[in-house]
Every structure is written in C-alpha cells, then in structure tokens.
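A.B. asks: Sequence plus the predicted model coming up.
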Amino acid sequence: MRRQLTVLITFLAGFYFFLEFILPEKIGVATDGTGGFEFGKYDERISIGFTAVGTMAFALGAISILNAHGGNIIRQRKQWGVSIALIVSMLISCIIGFVIWHARSVSSHMAKDVERLAAVQAMVISSAKKNPIPRHMKDWPEEDLPPEINRTATLAERTATQEKLVDALKSVRQKLANQQRPPFEKGEHPSDLLATHLETAGTAAPAALTALKAEDEEAAAPELQKSLGGLRGAADSQRKIANLILDNSAANKAYDILFKGFYIALGSAMFSLLAFYIATAAYRAFRLQSGESFLLMLAALLVMLGQIPPGVAAADWVLRTIGFESLSITQIRLWILQQVNTAAFRGIALGSSIAGLSMAWRVWWSMESSALLDDADEGGA
Amino acid sequence: MPGLEHSNLVLDLLLLALLGPVYYYIHRARKGERLFVRRIPGVDAVEEAIGRAVEMGRPMMFSTGLVGVNSVLFACLGILKHITGKAAQFASRIIIPQNDPEVMAIVQSAAEQTYRRQGKGELYRQEDIPFLSGEQFAYASGYMGIAHREKAAACFLFGTFAAESLILAEAGQQVGAIQVAGTISNEQIPFFITTCDYTIIGEELYATGAYLSKDPVQTGSLRGQDIGKLVILAIILTGVVWATIASINAESVVSGYDIPLAKWLFGKYGGGE
C-alpha cells in the first residue's frame, strides 16, 4: 500500500509540473475569454505544502541534533563540553527567537488597531457614494457581494459606524498613551507625531459624528477627511514606534550579538580558511608529477599571468622578445577560458543534463529503486 | 488546443530521441540482458578507499554536500547504498553528516534498508547520520570537526557542492584520508581534482551509481543516455558543418540562429524568427 501511494503521488505531482511547464498559462478558455483552467493558480498552495513538509523536516533536524549531542553529554563522550555549548546556544537562540516573535506580534497588533480604524473611517467616507465592484469580485453573484460594495450606505448606517469608530478610537488612544517612548535621534519623535495625529483624529471624528447625527453631510465631510488623515498618520507613526521599540529591546540586542557577533563572524572565519586552502591545494596540484599536472600548471600559469597587470606586462615583454609581437598574454588567457575551458564545461554540462533528464524521468515513473520504499516493495514500476 | 509553451514539435522529437533509447535499454536490461558498462577509474577508487578504511579500522565519511531532494541525490543514493552495504558487510563504521533535514530522512532510510539487506541491522546507528546545520559554512565546520575527531580513513564527497567543497576536501587531506569526490557542480571540480585522490566528473556521478549497484534500470538508462549523447553530438556536428558551409557561401561568419537548423530547433524561443 505504501509503495502504491508513493508511486501515485510521485506520478501525479510530476504530471502536474510537466503539464504546467509545457501548457499555456490558461487552458480551455472560451472564445469570449471566460472560464478555463489556470495552472499557476495552485502554485502558492503547493508551495505552502512544500513549506509545511520542510518545516516538519526541520523538526527532524532538531531532533537529530538533540539526539546526537544529548547522547554525547549523557555518556560523557569525547569533547562532550562542545555538545553542551551547542545545545545551550540552540536553546538560547530558540528562546530569543520566540521572544522577538512575540514582541513583533504585539507591536504589529498595536499598529494594526490604528490601521483598522483608518480603514473604517475610509469606509464611512466612501460609502456615501456607490462603491464600485473590485476587479476580483466582478464575476461574483450580486447576493454574494459584501454589503458595502456596489451600493450606497444609508446615513443611519454611516452614523452608527462612525459612533462605533469614535468609541474604539477612545480606547485605542488610552492604550497607546501608556506605551513606552523609545529613544529616537533624528527629527521629530514618532511618539510626538502619534500624539498630534491622534489629537487631530480624536477631535475630528466626534465632530463628524455630531454633524452626521444632525444629518448635515456637508459639515461632516471635511471632519471625516481630517479624521482619516489623522488616523493614517497615526498608523504610520505607530508602525515606526513599534519598530523602534523592537530595535531597542533586550531580545533584539541579544539576537544581534548572536547573529552578527557569533554567527556571521564564525561563518566568515570558515570562509576565510578557503584562501589558505586554495594555496595548499594549488601547491599540491602544480607539483610536476605527470603530464596532466604539467598541463594544469601551464594553463593556470598563463591564466594567472594574463589576469594581473604586472603579469601581463612581463609576459608581453617576453612574447615580444621571442618574436611574437602581435600576441598578448591577455589573448592567450581569453582563448584558454573561452575556447578550451568553456568547451570542456559545456561537454560536462551536456552529459550531466542528459543524465539528469533520464534520472528525473525514472523518478517520475517510479522506476528508480527508492529509499522511500520498503525492501519487499522494491522493484520499480 | 492553444499553442504549447516551452515546447515545439522539434523539441518534443528531441525529447523522444533522448528518452526513447533510455526506455528501450531499461526494458532490455530488465528482461535480463547483460549490458556492458565501461568500468570507470573512480569505481576502483571507491573500492580501494573502502578497503583501506576497513583495514585501518577507522570510519568512513560520506557527504552529499548541499544537495536537495533532486535527481543528483538519487544518483548519490546508488553510490551510498553500495558503500553502506560494504560498511555493513565488513562491520565498518560510516558517518554521513547532513545539511538538509529532508535529505537526512531519505539517507537514513536508505542506509537502514541497506544494513537490513546485509543482515546487519543491529550495526545501523542513526546517530551516524547526524544533521549538522542547514547553513553552508556551519555544515563545513561540523564536517571538519567530525573528520578530525573520528580520524576518518576514507572520505566520499558525492553530490552538489559550492564554496565549502574545498573546506570539506581539505579536512580529509589533513587527517590523511583517501578521498573520492564526484559532482556535477562545474565550478567545484577543479578544487576536488587538486585535493582528492580521485574525482568523478559530471555525468560519471550517475554512471558510478549504475556501475556499483548493477541495477538493470540504472545500467539500461546509462546505455540509453549514451545514445542520447550521440544524438546531441550528431546535431552539433550537423550544425557546425552547416554553419561552416553557410559562412563560405555568405563570405562572413554566421552566428547565433543564422542557420535554418538552429531556427528549426529553437522555433520562436530561439530568437531566430
């Protein structure tokens, strides 16, 4: 059963992507341009599926690390102190990651409260006239359209919405008044800007409500616009404050120490080893042990000489001296790279591509004896 | 039916010409026909390295580099299964550090199957296929550490590699391990050639898996690929001759898609029309 399921999923997945590659973006479209099946439509969902599988696999990776290094610590194997350092670092990174994730969600939540109020205020303004149907809702039946779409809201509905907005604005202002004031150096502090914008919205929104209650649309309109401007400005300032709070948090500083101080620095240290290793590898390769190593050394020497200005000057002088006046080492270098090297690489790439195509085909049709299948089940399609 | 994308009649025919022989020879191999596969020096090197590790009583290491779940991994699995099988047979230890958790799960499954098939299931140790890191240099650092601590006698580097290739190969050099590498990553081939005892280049990676496993599907496929390469070679030669003749007639060098063969092959995607 396991084998059949694996074969079926492999085949269907391969078939989907094969068709997606060769068929046009949309198939089965009627002559009037409607209907049809769009392959790319499911790409995002499939990609989410891959991400989910990848996430589960990462859990496997974490378990593997804990298993291997936990075992080292318990049995006090050689260099078990390194295992302790690794597990402690991993736990600290996880904790800091979770704290930052929580802080980010809290701060973005606060900015979203203000953004939501601005969106409601915009709706109160726009629902005074008939809302056009958005493009993505064009094909929807009339009864499925949201109430604020394709119709004008009544004055009573708009007044009720504005009343709710004024109440919500009061509570949001109270909440934001208590938030910390993060350090800020350049220009006007976002907290001051926030207070100014909220003050504007806090004055204009109730004034608009009073005008709406008095059925005076003309007086309400400028106040509504003022309120919307204030709320949008406040949302913008709140996002900046949230980012500043996050940037100045202890968790973020700890993350910086771990990431920039250790992770990047250690990665760079490993990368810098390459410079020394290239030198030792080149030394071994250029020792004249065979005809092949002689060719390797000769090609490398010509390319290196043609690459650096003093090398070009010296080699060209030698070439002129021995009578090759029209020849330059740069031309030789380019010839080696563009003719010999490229031809060799293309040959390798061609062979690899054909082999890869054949392998992909075998995997698609489950001919490959797979590691995912049980012994008893193996044998191919 | 609307027009196809990324495909035209000629490319479909070409696909058929490349995959048709593969299917045909797999079919023949499965029916029991013994297809000749030339022995590549890298295969001898693999056997030699295994023998040395067994004799010295020191572990072997196998790295698939930064490979993800793709055709290269499946090619590497053929080689891995062979080496793991020998390790199980001679009760030698093989360490396979991992960079990708998805690959790790597949490799663990393959290794466990191989140990069980050899009747040595009790020797299989999951902790010898550890996940080191998803980050390139952290992985390289972990690999180096293991090679030094365990004093690996043989290191096999088969898969997809990037800048870490030289770090991995130098780690093996430093502990005096016999090293065999194989990759389709063109830029890393020179590093392996200079550092490893044997390097399997490009498609030989796929061929090695076929040779070692003796799997009819793989050997049949290998023979089919050779026919595919002949098809490509014939097209290249035809193109070269055609372009040369066209250049003589035009009294100037033709380039790109100037000849009908190139236009025919690439259709509207080639820019020749």
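C.D. replies: Thanks, I have the structure now.
A.B. asks: And the top helix by length along chain B, what does it pack against?
C.D. replies: Taking DSSP state H as the criterion, chain B has its longest helix at helix B:216-250. In terms of contacts (3 or more C-beta pairs under 8 Å, 6 or more residues apart in numbering or on different chains; DSSP states H and E), helix B:216-250 is packed against helix A:342-364, helix B:9-30, helix B:204-213, helix B:260-266. Where you see a C-beta, it was placed from the backbone N, CA and C, and this is true even at glycine.
A.B. asks: 6 Å instead, please
C.D. replies: helix A:342-364, helix B:9-30, helix B:204-213 (3 or more C-beta pairs under 6 Å, 6 or more residues apart in numbering or on different chains; DSSP states H and E).
A.B. asks: Buried deepest among the ones you listed, which one?
C.D. replies: helix B:204-213 (a mean of 24; mean count of other C-beta atoms under 10 Å in any protein chain shown).
A.B. asks: that older thread, which of the residues in the longest helix of chain B are classified as buried?
C.D. replies: B:216-229, B:231-232, B:242-243, B:246 (16 or more other C-beta atoms under 10 Å in any protein chain shown).
A.B. asks: Which of the helices and strands packed on helix B:216-250 sits closest to B:Glu112?
C.D. replies: helix B:204-213 (17.1 Å; C-beta to C-beta).
A.B. asks: So which elements touch the closest one?
C.D. replies: helix B:41-56, helix B:71-89, helix B:216-250.
A.B. asks: Figure out which of those helices is closest to A:Thr51.
C.D. replies: helix B:71-89 (19.5 Å).
A.B. asks: and that closest one with helix B:41-56, angle?
C.D. replies: 30 degrees (axes from the mean of the first three to the mean of the last three C-alpha atoms, to 10 degrees).
A.B. asks: just for the stretch 1-150 of chain B, where's the confidence low?
C.D. replies: Within the stretch 1-150 of chain B, the stretches with pLDDT under 70 are B:1-7.
A.B. asks: could you dump the helices and strands packed on helix B:216-250 to a markdown table with distance to A:Ala207?
C.D. replies: A markdown table is the format used below for the helices and strands packed on helix B:216-250 (distance: least, C-beta to C-beta, whole Å):
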| stretch | distance to A:Ala207 |
| --- | --- |
| helix A:342-364 | 68 |
| helix B:9-30 | 69 |
| helix B:204-213 | 75 |
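A.B. asks: Among these, which comes closest to A:Pro310?
C.D. replies: Here helix A:342-364 is closest among the helices and strands packed on helix B:216-250 (C-beta to C-beta), at 26.7 Å.
A.B. asks: Would that closest one count as contacting chain B?
C.D. replies: Yes. Helix A:342-364 lies within reach of chain B by C-beta under 6 Å from any C-beta of the partner chain, at A:Phe345, A:Ile348, A:Gly351, A:Ser352, A:Ile354, A:Ala355, A:Gly356, A:Ser358, A:Met359, A:Ala360, A:Trp361, A:Val363.
A.B. asks: Tell me the secondary structure at B:Gly159.
C.D. replies: strand (DSSP: H, G, I helix; E, B strand; the rest coil).
A.B. asks: wait, doesn't it sit right on B:Gly65?
C.D. replies: Yes. Checked against C-beta atoms under 6 Å, the pair B:Gly159 and B:Gly65 is within contact range at 3.9 Å.
A.B. asks: quick one on the thing from earlier: what's the most distant pair in the residues of helix A:342-364 next to chain B?
C.D. replies: A:Phe345 and A:Val363 (25.7 Å).
A.B. asks: Now do the same contact list for residue 74.
C.D. replies: Chain wasn't specified; assuming chain A. For A:Ile74, no residue meets the contact criterion (C-beta atoms under 6 Å, 6 or more residues apart in numbering or on different chains).
A.B. asks: meant chain B actually
C.D. replies: B:Phe74 touches A:Met359, A:Val363, A:Glu368, counting by C-beta under 6 Å, 6+ apart.
A.B. asks: Can you report how many residues neighbour B:Ile83?
C.D. replies: 26 (other C-beta atoms under 10 Å in any protein chain shown).
A.B. asks: Ok, the one 5 residues further on next?
C.D. replies: The number of residues packed near B:Ala88 is 21, by other C-beta under 10 Å.
A.B. asks: cool, A:Gln121 as well?
C.D. replies: Neighbours around A:Gln121, by other C-beta under 10 Å: 26.
A.B. asks: tell me the contacts of it?
C.D. replies: Per C-beta under 6 Å, 6+ apart, neighbours of A:Gln121: A:Ser227, A:Leu228, A:Leu231.
A.B. asks: and what of B:Glu55?
C.D. replies: B:Glu55 neighbours (C-beta under 6 Å, 6+ apart): none.
A.B. asks: do you know how far it is from B:Ser92?
C.D. replies: 10 Å (C-beta to C-beta, to the nearest Å).
A.B. asks: cool, B:Asp226 as well?
C.D. replies: 34 Å.
A.B. asks: do A:Ser89 as well
C.D. replies: Distance from A:Ser89 to B:Ser92, by C-beta to C-beta: 33 Å.
A.B. asks: So for the two, which residue has more residues nearby?
C.D. replies: B:Ser92 (23 against 13).
A.B. asks: check contacts around B:Ile200.
C.D. replies: With C-beta under 6 Å, 6+ apart, B:Ile200 has these contacts: B:Gly42, B:Gly182, B:Thr208.
A.B. asks: So what's the residue count around A:Thr321?
C.D. replies: Neighbour tally, A:Thr321, other C-beta under 10 Å: 9.
A.B. asks: Which one of the helices and strands packed on helix B:216-250 lies nearest to A:Trp101?
C.D. replies: Between these, helix A:342-364 lies closest to A:Trp101; by C-beta to C-beta that is 37.3 Å.
A.B. asks: Against which helices or strands is the closest one packed?
C.D. replies: Using 3+ C-beta pairs under 6 Å, 6+ apart: helix A:342-364 touches helix B:71-89, helix B:216-250.
A.B. asks: Can you tell me, leaving aside adjacent residues, what's nearest to B:Leu73?
C.D. replies: Distance criterion C-beta to C-beta, 6 or more residues apart in numbering or on different chains; nearest residue to B:Leu73, sequence neighbours excluded, is B:Val67 at 4.9 Å.
A.B. asks: before we move on, what about B:Val231?
C.D. replies: B:Ala17 (4.8 Å).
A.B. asks: Alright, I will stop here.
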